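# whatever this is, show me its structure:
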Amino acid sequence: MRTARVYQRESGPVPEPRPPDDPADAAALAGYADALAGAVDEALPRWVDRSVRGVLAAQGLPVDGEVEAGITSAAAAARDEAMPRLRALLATDIDDQRANPLSVLRSLVPHPTAVLRAAGARPVGRDEFAARNFPGDVYDLTPASFADVDPALHDPGLSWGAAKAHVHLTRRRKEGKR
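This is a model prediction of the structure:
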């Protein structure tokens, strides 16, 4: 197994720079990242709307003008919060990513939750896993997959993940680690 050379400098060891990615692989990953970001941008308002309306309908609560305004506002806030974070994450080198796109989407649950609370929705029953891992999600809105946010996100999410995995494996092979 080959190890990376390490050079000393005043502030500590500096790893040898990694060889550049294959340009076609890098371009493909960037294209899939752009497609995923575009699809998320379109899907977020639908997810907020569907989340709020679904819980309210299940509880027999009306969607009045105030709820409609809340949905519109929450959808815009979710998009405004998510898109810069998502685009920054997708632009980050894969070896430096400390989160994933789905975690960004999961962090948006407070937006539809606020609308549901204001509309008088009651918390729903959740399984032990959901209650333990997503304690603030009292309406069980946290998506388990891209398709839970919107079916249109399944293919872009899967394609981006596969392209990321390909680049990761290619890098590890170049390092003699695979």
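
# which of the helices or strands spans the closest residue to P20 other than its chain neighbours?
Nearest residue to P20 in three dimensions, chain neighbours excluded: A26, at 7.9 Å (CB to CB, 6 or more residues apart in numbering). Bear in mind the C-beta positions are built from the backbone N, C-alpha and C, glycine included. Element membership of A26 [criterion: DSSP states H and E] is helix 23-58.

# where exactly do the strands run in the protein?
Assigned by DSSP state E, the strands in the chain fall at 6-9, 12-15.

# averaging pLDDT over each of those strands, which comes out lowest?
Lowest mean pLDDT within the strands of the chain: strand 6-9, at a mean of 50.

# buried stuff in the helix holding A26?
Across helix 23-58, burial judged by 16 or more other CB atoms under 10 Å covers 28-29, 32-33, 36-37, 39-40, 43-45, 47-53, 55-56.

# looking at it, the residue nearest to P20 is touching K164, isn't it?
No: when contacts are counted by CB atoms under 8 Å, A26 is not listed as touching K164 (11.3 Å).

# which residues touch W47?
If a contact means CB atoms under 8 Å, 6 or more residues apart in numbering, then W47 has 78, 105, 112, 143, 149-150 as its contacts.

# any idea how far G70 is from the residue lying closest to D137 once chain neighbours are set aside?
What sits nearest to D137 in space, not counting adjacent residues and going by CB to CB, 6+ apart, is V109, at 5.0 Å. To G70, V109 is 15 Å away according to CB to CB, to the nearest Å.

# swap in W160?
W160 sits 31 Å away from G70, taking CB to CB as the criterion.

# V63 too?
10 Å.

# next one: stretch 19-26 to chain centre, how far?
Centroid displacement of stretch 19-26 relative to its chain, using CA atoms, centre = their mean, to the nearest Å, is 24 Å.

# buried subset of the contacts of W47, written for PyMOL?
Buried members of the contacts of W47, defined by 16+ other CB under 10 Å, are picked up in PyMOL with:
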select buried, resi 78+105+112+143+149+150
